[in-house]
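[1] Sequence and predicted model, in that order:
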Amino acid sequence: MSAPDRHEERILILAPRGRDAEVMCAVLAQDGAACAVISDFSMLTAAVGEGAGMAILAEEALHGADLVPLYAWLAEQEPWSDFPFVLLLGKALGPAAAAARARLEELGNIILLERPFNAQTLRSAASSALRARRRQYHARDLLADGARTAARLEQSQQALLLLNETLESRIEERTRALAQANDRLMNEVIERERVQQAMVQFQKMEAVGRLTGGIAHDFNNLLNVVQGSMDLILLLSKDEVARQRAEIARRACQRGGKLTSQLLAFARNQNLDLRPAEVDALFDGVRELVATSLGSRIGLRFEVAPDCARVFADANQMEMALLNLAINARDAMDGSGHLLFQAGNARPPEGLLPAGDYVRIAVTDDGPGMPPELVAKVFEPFFTTKAVGKGTGLGLSQVYGMAQQSGGAARILSQPAVGTTVEIWLRAWDGSSEQEVAPLPVAAPDAGPGVHILVVEDDNFVRESMVLSLEAFGHAVSQAASGEAALRELQHGRPDLIITDYLMPGITGAELMLRAREVFPGIPMIIATGYADMHAIDEVLGDDILLRKPFQLAELARSVERALGRVNPSAPHH
């Protein structure tokens, strides 16, 4: 609580005669009082309004004075205020004095001193009046504190009312936020588990892929030896029975090569060999295998529209995709139902593909179908609805990737209790692009005069088979069992052509190509491989030739002709 300032405790003195006012100021100053001498009532009213502790009035100042402004201020003062006056009275003489004294009662809080009086009486009266004024100031402060406390209390009550009004909604909002946070946490836990499972599955598939790729590479080398030998028998033998047996073995090698190509799809991404293909031929390629995989309890039909155009596709990858879809449908139907393969020209739905001509290949089953939330996820890698150990979740993602890589698209239409249709949309062949490669005859090509060819292959059987085949065509052949041995062989002279394996101990065939060109810029080369890192090969292959194992003898001869066709005619043969 603040103490009143000195201005609020000053003593106003209105005594118009002689030196009365100055004398009283000197007396009161002995007690430390601050005095202000006032000349008339108008100044007194103004001074009281500015703040004062009391006023001392001489009776003679009242004669003829206008007291209305002072009365008005006294009437409007605060409830805590009762301004004190000390009136100095003389002897009452006549009616005028009596009337003036009667007006004094209207001033309210007054102390009357009759003159003459001594200095101690004046000091005592002033001290009493000031004490009373200080108690008024104290009451003022108490009232102000009470008002502030009441205001704060009212604000607190209003805040409490507002809090009570909003408490329920805030509790509900907080509960909802906690529920959402819990849902997010559970989703994160589920997602983390799913990612961990996917990572384990990915690592497993990566290991299986590396193992499969290695097996396929070695198997391709063996097939290449067998197929090369069968081609040589067909080329050189006059025994018809031997030729028939060789043809059977050669066809078996071709089927084995198709199998290894499918195995390599699990090992790594390979560039698709997109060629115009008949849908009838694609269906025929999987008909027997699909029928065997489905069993006798599932009815199987193949329908191809009479006007169905050819499609751009990698036949091996497309057949594997169709087989995957058939196996998925069999599992969805629980081994019993109907499966329909259809193909025909169609216009894709809006937004699925750019404008153009397409062929729609659809595989439809009458299984239980799927709800929309599952349909939206089935193309995701590792997503599967099968029990643990019953599926990898890669089949449909491979179908989707193959369709995308082929310039088409894939989508799924399914409804619960109705069945599922998987659509593969492929570009239709208009006859103006790449021509379909006809089967190669097994016959000695007209390659002109023999040339010098360096064969680089780490497998002895494969290398020997290739050397015998090339020598059968009249070429001079030198050989190396590794990339390092090939570089040493190049120091003896420039061959007309280098045929190298890709995957070899030490440096790969791609690295050999780069280092051979440093020695002999522009030298033609062929990479013959059954297992390739296509990205690494594409970086160095350029216009050179890729020959996939197992290859036919005629494919080898044609690749040699193509490679030698780019040699500068003025370059000397060694």
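    The structure has been received and is ready for your questions. What you see is a predicted model, and the numbers here were worked out from it, not measured in a lab.
[2] quick check: mean pLDDT across the strand or helix carrying residue 177?
    Element membership of residue 177 [criterion: DSSP states H and E] is helix 119-236. What helix 119-236 shows for mean pLDDT is 80.
[3] and what of stretch 60-76?
    According to the model, stretch 60-76 has a mean pLDDT of 84.
[4] So which bits of that stretch are buried?
    Buried residues in stretch 60-76, counted by 16 or more other C-beta atoms under 10 Å: 60-62, 65, 67, 70, 74. (Each C-beta comes from the backbone N, C-alpha and C, glycine too.)
[5] now do stretch 399-419
    Residues of stretch 399-419 classed as buried: 399-403, 406-412, 414, 419 (neighbour count, 16+ other C-beta under 10 Å).
[6] and that stretch, how far apart are its ends?
    19 Å (C-alpha to C-alpha, to the nearest Å).
[7] now do stretch 306-326
    End-to-end distance of stretch 306-326 (C-alpha to C-alpha): 23 Å.
[8] how far does that stretch sit from the chain's center?
    For stretch 306-326, the separation from the chain centroid amounts to 35 Å (computed by C-alpha atoms, centre = their mean, to the nearest Å).
[9] ok, now stretch 414-430?
    Centroid separation between stretch 414-430 and its chain, computed with C-alpha atoms, centre = their mean, is 30 Å.
[10] Quote the end-to-end distance of that stretch.
    32 Å.
[11] pLDDT averaged over that stretch - what is it?
    On average, the pLDDT along stretch 414-430 is 87.
[12] Just grab the bridge partners of the residue lying closest to residue 280 once chain neighbours are set aside for me.
    Counting by C-beta to C-beta, 6 or more residues apart in numbering, residue 280 lies nearest to residue 304, which is 5.4 Å off, once chain neighbours are set aside. Residue 304 has the following beta-bridge partners by DSSP bridges: residue 343.
[13] how many neighbours does residue 304 have?
    Residue 304 is flanked by 17 other residues according to other C-beta atoms under 10 Å.
[14] Just the CA atoms of stretch 510-526, as CSV, please.
    Provided in CSV are the C-alpha atoms of stretch 510-526 (Å, rounded to 0.1, in the frame of the first residue of the first chain):
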residue,chain,number,x,y,z
ALA,A,510,33.6,-55.4,-70.1
GLU,A,511,37.0,-54.3,-68.6
LEU,A,512,38.8,-56.3,-71.3
MET,A,513,37.0,-54.3,-74.0
LEU,A,514,38.1,-51.0,-72.5
ARG,A,515,41.8,-52.1,-72.2
ALA,A,516,41.9,-53.8,-75.6
ARG,A,517,40.7,-50.5,-77.2
GLU,A,518,43.5,-48.7,-75.6
VAL,A,519,45.9,-51.0,-77.4
PHE,A,520,43.9,-51.3,-80.7
PRO,A,521,41.3,-48.5,-81.0
GLY,A,522,38.3,-49.5,-83.0
ILE,A,523,38.9,-53.3,-82.8
PRO,A,524,35.6,-55.1,-83.2
MET,A,525,34.5,-57.2,-80.2
ILE,A,526,31.7,-59.6,-79.2
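[15] so how far is that stretch off the chain centroid?
    Offset of stretch 510-526 from its chain centre (C-alpha atoms, centre = their mean): 44 Å.
[16] And stretch 410-421, by the same measure?
    Distance of stretch 410-421 from the chain centroid (C-alpha atoms, centre = their mean) equals 29 Å.
[17] quick one: contacts of stretch 346-360?
    With contacts defined as C-beta atoms under 8 Å, 6 or more residues apart in numbering, stretch 346-360 is touched by 279, 308-309, 311, 342-345, 408-409, 411, 423-428, 430.
[18] one more time with 7 Å, if that's ok
    279, 308-309, 311, 343-345, 408-409, 411, 423, 425-428, 430 (C-beta atoms under 7 Å, 6 or more residues apart in numbering).
[19] OK, contacts around residue 106?
    residue 71.
[20] mind checking how far it is from residue 62?
    Per C-beta to C-beta, to the nearest Å, residue 106 is found 11 Å from residue 62.
[21] beta partners of residue 410?
    residue 424.
[22] Hmm, residue 402 and it touching each other?
    No. Counting by C-beta atoms under 7 Å, residue 402 is not a contact partner of residue 410; they are 8.1 Å apart.
[23] neighbours around residue 143, how many?
    Residue 143 has 13 neighbouring residues, counting by other C-beta under 10 Å.
[24] same thing with the one 3 residues further on?
    Other residues near residue 146 number 10, with proximity taken as other C-beta under 10 Å.
[25] what do you get for residue 341?
    22.
[26] In three-state terms, label residue 546 for me.
    strand (DSSP: H, G, I helix; E, B strand; the rest coil).
[27] buried subset of the contacts of stretch 346-360?
    Buried among those by 16+ other C-beta under 10 Å: 279, 308-309, 311, 343-344, 408-409, 411, 423, 425-428.
[28] just to revisit the earlier point, nearest to residue 187 among the contacts of stretch 346-360?
    Closest to residue 187 out of the contacts of stretch 346-360 is residue 411 (27.0 Å), distances taken as C-beta to C-beta.
[29] residue contacts, the closest residue to that closest one other than its chain neighbours?
    Leaving out its chain neighbours, the residue that sits closest to residue 411 by C-beta to C-beta, 6+ apart is residue 423, at 5.3 Å. Listed by C-beta under 7 Å, 6+ apart, the contact set of residue 423 reads 360, 362, 410-411, 413.
[30] any chance of those residues in CSV, plus distance to residue 229?
    As requested, the contacts of residue 423 are arranged in CSV below (distance: C-beta to C-beta, whole Å):
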residue, distance to residue 229
360, 44
362, 43
410, 41
411, 47
413, 50
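[31] now the helices for the stretch 251-400 of the chain?
    For the stretch 251-400 of the chain, applying DSSP state H, counting those that start in this stretch gives helices covering 279-294, 315-332, 372-375, 395-405.
[32] I meant the stretch 1-150 of the chain, not that one.
    Going by DSSP H, counting those that start in this stretch, the stretch 1-150 of the chain shows helices at 20-29, 41-50, 68-76, 94-104, 119-236.
[33] Tabulate these (TSV), appending distance to residue 557.
    Listed next are the helices of the stretch 1-150 of the chain as TSV, based on distance: least, C-beta to C-beta, whole Å:
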stretch	distance to residue 557
helix 20-29	137
helix 41-50	124
helix 68-76	126
helix 94-104	145
helix 119-236	10
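[34] So which bits of the helix or strand encompassing residue 513 are buried?
    Using DSSP H and E, the element containing residue 513 is helix 509-519. For helix 509-519, burial by neighbour count (16+ other C-beta under 10 Å) applies to 509-513, 516-517.
[35] Now do the same for that helix: mean pLDDT, whole number.
    What helix 509-519 shows for mean pLDDT is 87.
[36] strand partners of the helix or strand following that helix, parallel vs antiparallel please.
    Where DSSP H and E defines the elements, the next helix or strand beyond helix 509-519 is strand 525-529. According to DSSP bridges, strand 525-529 forms sheet pairs with strand 497-501 (parallel), strand 545-548 (parallel).
[37] Tell me which of the ones you listed sits nearest to residue 336.
    When the strands paired with strand 525-529 are compared by C-beta to C-beta, strand 545-548 sits nearest residue 336, at 40.2 Å.
[38] Against which helices or strands is the helix or strand following the closest one packed?
    Once strand 545-548 ends, the next helix or strand along the chain (criterion: DSSP H and E) is helix 553-564. Contacts defined by 3 or more C-beta pairs under 7 Å, 6 or more residues apart in numbering; DSSP states H and E place helix 553-564 against helix 119-236, strand 497-501, strand 545-548.
[39] Switch the ones you listed over to JSON lines; also include distance to residue 247.
    Listed next are these as JSON lines, based on distance: least, C-beta to C-beta, whole Å:
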{"stretch": "helix 119-236", "distance to residue 247": "7"}
{"stretch": "strand 497-501", "distance to residue 247": "26"}
{"stretch": "strand 545-548", "distance to residue 247": "21"}
